[in-house]
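A.B. asks: Structure here, sequence nowhere to be found:
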């Protein structure tokens, strides 16, 4: 429900890449005010001391997490926390009747066995897991409007579900799909690891976790839910590439019947003509066109047989792939214009 009052926002995990990006974007939002910032830090300090670019923009202290204090300071809570942490906090916030947007994986997978397999821990909040809404506005907008708990999607899932869901829902493609995705290392968060050092990342490219990446079951589960196709077989091969931000996904598909460029554009327009952040291109998209934005650009190339194609999509992994999409969810939850603070 829309309101004229300013929405008070709390961010847990404010010093990670997604937390920092949330602060940056929310400071531009005309209908919200950040009231509390916390992170796992050695001692409390001004947020602008940690990130000098925010001097003169925000004067809040970034504190060690204090949920009892935070609950009195916010209307909506963004949890930009490591996986497996949010499910300890969410029950308390929902009991206090707060709206929560979780940017971790804790409430994305409905299948708790898969959660344990990929995240190596038992899920401890199955009751609220049932209530959580998957935060992909382009397909679950009505549910998001009514939800108190949003599971913000992973970055790779956003870059692959958006181009694939219409084709699977229309039963246009074979269920065995190959996805080659390339991402900035920022998608893995701030970690003091050798492979994250500039000298190792710059001008470098490597594949990792082929077939076993933790986003694989999320992509499959959500695509099955949208399309009602239970036979999806995903071959997902992610890569790290030496760029600052962004994800570029190249998806190899086979059509069940011959398709033309015009007919495929028609399918995408059917699903996304009212989606302000999905842009269907008549050519293959380029990453620089979406970095710094909340857009997902989708393009494709159909081979001369008209029976197979590559579908390409690109997003900014920290904005549409994380913080921008989370704010898009907030806008829908709280009755704001979907694009508010994002265009």
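C.D. replies: Arrived safely. Quantities reported herein were computed from a predicted structural model and do not represent experimental measurements.
A.B. asks: List the contacts of residue 125.
C.D. replies: By C-beta atoms under 8 Å, 6 or more residues apart in numbering, residue 125 lies in contact with 87, 90, 91, 106, 107. Just so you know, the C-beta spots here come from the backbone N, C-alpha and C atoms, and that holds for glycine as well.
A.B. asks: An error on my part: the question was meant for residue 220.
C.D. replies: For residue 220, the contacting residues are 232, 234, by C-beta under 8 Å, 6+ apart.
A.B. asks: doesn't it fall inside a helix?
C.D. replies: Yes: counting by DSSP: H, G, I helix; E, B strand; the rest coil, residue 220 is found in a helix.
A.B. asks: What are the structural domain limits within this protein?
C.D. replies: Each domain of the chain is listed here as a residue range: 7-153+321-334, 156-317, per automatic domain parsing.
A.B. asks: Of those, which is nearest residue 342?
C.D. replies: domain 156-317 (4.6 Å; C-beta to C-beta).
A.B. asks: Which positions within stretch 228-243 qualify as buried?
C.D. replies: Using 16 or more other C-beta atoms under 10 Å as the burial criterion, the residues of stretch 228-243 that qualify are 232, 234, 236, 238, 239, 240, 241, 243.
A.B. asks: Let me know the closest of the residues you listed to residue 223.
C.D. replies: residue 232 (5.5 Å).
A.B. asks: Identify the residue nearest that closest one in space, chain neighbours excluded?
C.D. replies: residue 175 (4.8 Å; C-beta to C-beta, 6 or more residues apart in numbering).
A.B. asks: Next up, the contacts around the one you found.
C.D. replies: Going by C-beta under 8 Å, 6+ apart, the list of residues near residue 175 reads 168, 229, 231, 232, 233.
A.B. asks: 6 Å instead?
C.D. replies: 229, 231, 232, 233 (C-beta atoms under 6 Å, 6 or more residues apart in numbering).
A.B. asks: hang on, the earlier thing: and the buried residues of stretch 228-243 as JSON lines, adding secondary structure and distance to residue 339?
C.D. replies: Rendered in JSON lines, the data for the buried residues of stretch 228-243 read as follows (DSSP: H, G, I helix; E, B strand; the rest coil; distance: C-beta to C-beta, whole Å):
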{"residue": "232", "secondary structure": "coil", "distance to residue 339": "31"}
{"residue": "234", "secondary structure": "strand", "distance to residue 339": "31"}
{"residue": "236", "secondary structure": "strand", "distance to residue 339": "30"}
{"residue": "238", "secondary structure": "strand", "distance to residue 339": "29"}
{"residue": "239", "secondary structure": "strand", "distance to residue 339": "31"}
{"residue": "240", "secondary structure": "strand", "distance to residue 339": "31"}
{"residue": "241", "secondary structure": "strand", "distance to residue 339": "29"}
{"residue": "243", "secondary structure": "coil", "distance to residue 339": "26"}
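A.B. asks: Dump those to a markdown table, plus pLDDT and distance to residue 79.
C.D. replies: Listed next are those as a markdown table, based on pLDDT from 0 to 100; distance: C-beta to C-beta, whole Å:
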| residue | pLDDT | distance to residue 79 |
| --- | --- | --- |
| 232 | 95 | 29 |
| 234 | 96 | 27 |
| 236 | 98 | 26 |
| 238 | 98 | 24 |
| 239 | 97 | 28 |
| 240 | 95 | 25 |
| 241 | 95 | 28 |
| 243 | 93 | 27 |
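A.B. asks: from the residues you listed, which is closest to residue 198?
C.D. replies: Where the buried residues of stretch 228-243 are concerned, and distances follow C-beta to C-beta, residue 198 has its nearest neighbour in residue 243, at 12.3 Å.
A.B. asks: how far away is the residue lying closest to the closest one once chain neighbours are set aside from residue 113?
C.D. replies: In space, and not counting its chain neighbours, residue 243 is closest to residue 184: 5.1 Å by C-beta to C-beta, 6+ apart. Per C-beta to C-beta, to the nearest Å, residue 184 is found 31 Å from residue 113.
A.B. asks: So between those two, which is more surrounded?
C.D. replies: residue 184 (24 against 11; other C-beta atoms under 10 Å).
A.B. asks: how far away is the more buried one from residue 169?
C.D. replies: Here residue 184 is placed at a distance of 30 Å from residue 169 (C-beta to C-beta).
A.B. asks: so who does the residue nearest to residue 243 touch?
C.D. replies: For residue 184, the set of contacting residues under the criterion of C-beta under 6 Å, 6+ apart consists of 243, 245, 246, 317.
A.B. asks: can you give me phi and psi for it?
C.D. replies: Backbone dihedrals for residue 184, given as degrees, to the nearest 10, come out at phi -60, psi 150.
A.B. asks: Look up how far residue 159 lies from it.
C.D. replies: Using C-beta to C-beta, which is the criterion applied here, residue 184 is 12 Å from residue 159.
A.B. asks: just to revisit the earlier point, take the contacts of residue 175 and write them to CSV, including distance to residue 13 and secondary structure.
C.D. replies: Formatted as CSV, the contacts of residue 175 follow (distance: C-beta to C-beta, whole Å; DSSP: H, G, I helix; E, B strand; the rest coil):
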residue, distance to residue 13, secondary structure
229, 35, coil
231, 37, coil
232, 32, coil
233, 34, strand
